[in-house]
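Participant: Sequence plus the predicted model coming up.
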Amino acid sequence: MYRFSFRIQHKNCAETGLSIKFPKQHITVLDIQAKDPKKKQYLYYVKGNQREFDKIIEYLQRSKTYKVTKEIERTKDSLVLLVVLYQAGYIQNTIQKYNGFFIDLHTVSGGYEYWHVGCVERQTIEKMRKDLKKAGKVETLYIGNVDFSQHLLSEQQKGVFDYAYERGYYEIPRKTTIAKIAQALQLSHATVGEHLVKAENKMIHAMAKRI
């Protein structure tokens, strides 16, 4: 697996425009799926100078791109907004075109959008990057290998899972069985089964939060 982190000044993008207008505000974006591919629903978690919060809301309400702007919560230094925007072309569409997946929420600050993407094959990163350059100014922050299970699984779970994966346990049809794995690792059938179930559950829950 590979990680591709980049920042982009997205041409004709409402979020980039918002960040250029209010460069000192840090916005974390939570994507809420919508049926219309051109319509996006987001939760904006804005962190920064509260004196600009009302100005941000006014700016969004006047925008032709933002169709809905609703204040959800406000504290001394943070603002949560529900927004709906409608524009042609989204960064996440390009990422998904190349089977990329999100490994962190994207953020917006200082006139840039920051994205962190996971890819199964390294060669797809360059294809993705070429498409992104059509959308705006792109700066690569990081490209490298990453083990998504590293901080999820215990040493024992990772060891059993890696062995099972390498021996084709997750292929269709399976090329090995829990009994054979248990015999090879000198563990009980129940122990191997428990390690695999726990590893699978942890990884499924972790990836489900990114989808």
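Facilitator: That came in fine, so what should we check first? Numbering: from 1, shown residues only.
Participant: Residue ranges of each domain in this protein, please.
Facilitator: With domains defined by automatic domain parsing, the chain comprises 2-145, 155-208.
Participant: Beta-bridge partners for Ile143, please?
Facilitator: Beta-bridge partners for Ile143, by DSSP bridges, are Phe4.
Participant: Look through this structure and tell me its longest helix.
Facilitator: When the chain is parsed with DSSP state H, its longest helix is helix 189-208.
Participant: where does that one sit relative to the chain's centre, distance-wise?
Facilitator: For helix 189-208, the gap between its own C-alpha mean and the chain's C-alpha mean amounts to 22 Å (CA atoms, centre = their mean, to the nearest Å).
Participant: What residues sit buried inside it?
Facilitator: For helix 189-208, the neighbour count (16 or more other CB atoms under 10 Å) marks 192-193, 195-196, 198-199, 202-203 as buried. (C-beta placed from N, C-alpha, C; glycine too.)
Participant: which among those residues gets closest to Ile143?
Facilitator: Lowest distance from Ile143 to the buried residues of helix 189-208 (CB to CB) belongs to Met203, with 22.6 Å.
Participant: Just want to check the distance between the closest one and Thr177.
Facilitator: For Met203, the distance to Thr177 (CB to CB, to the nearest Å) stands at 21 Å.
Participant: Likewise for Val46?
Facilitator: On the measure of CB to CB, Val46 and Thr177 end up 52 Å apart.
Participant: Look up phi and psi at the spatially most central residue of the chain.
Facilitator: Centroid check for the chain by CA atoms, centre = their mean gives Phe102 as the closest residue, at 2.2 Å. Phi and psi for Phe102, reported as degrees, to the nearest 10, are phi -90, psi 130.
Participant: re the thing from before, of all the buried residues of helix 189-208, which comes closest to Gln96?
Facilitator: Nearest to Gln96 among the buried residues of helix 189-208: Met203, at 20.0 Å, using CB to CB.
Participant: per-residue pLDDT, the closest one?
Facilitator: Looking at Met203, its pLDDT reads 75.
Participant: where are the low-confidence patches of the protein?
Facilitator: 33-38, 147-152, 205-211 (pLDDT under 70).
Participant: for the chain, what spans make up the helices?
Facilitator: Using DSSP H, helices in the chain cover 14-21, 53-62, 91-97, 123-135, 155-166, 178-185, 189-208.
Participant: which residues sit against the fifth one?
Facilitator: Read that as helix 155-166. 149-150, 153, 170, 176, 181, 184-185, 187, 192, 195-196, 198-200, 202 (CB atoms under 8 Å, 6 or more residues apart in numbering).
Participant: Please tell me how far that helix is from the chain's geometric centre.
Facilitator: With CA atoms, centre = their mean, you get 25 Å for helix 155-166.
Participant: Which positions within that helix qualify as buried?
Facilitator: Under 16+ other CB under 10 Å, the buried positions of helix 155-166 are 157-158, 160-161, 163-164.
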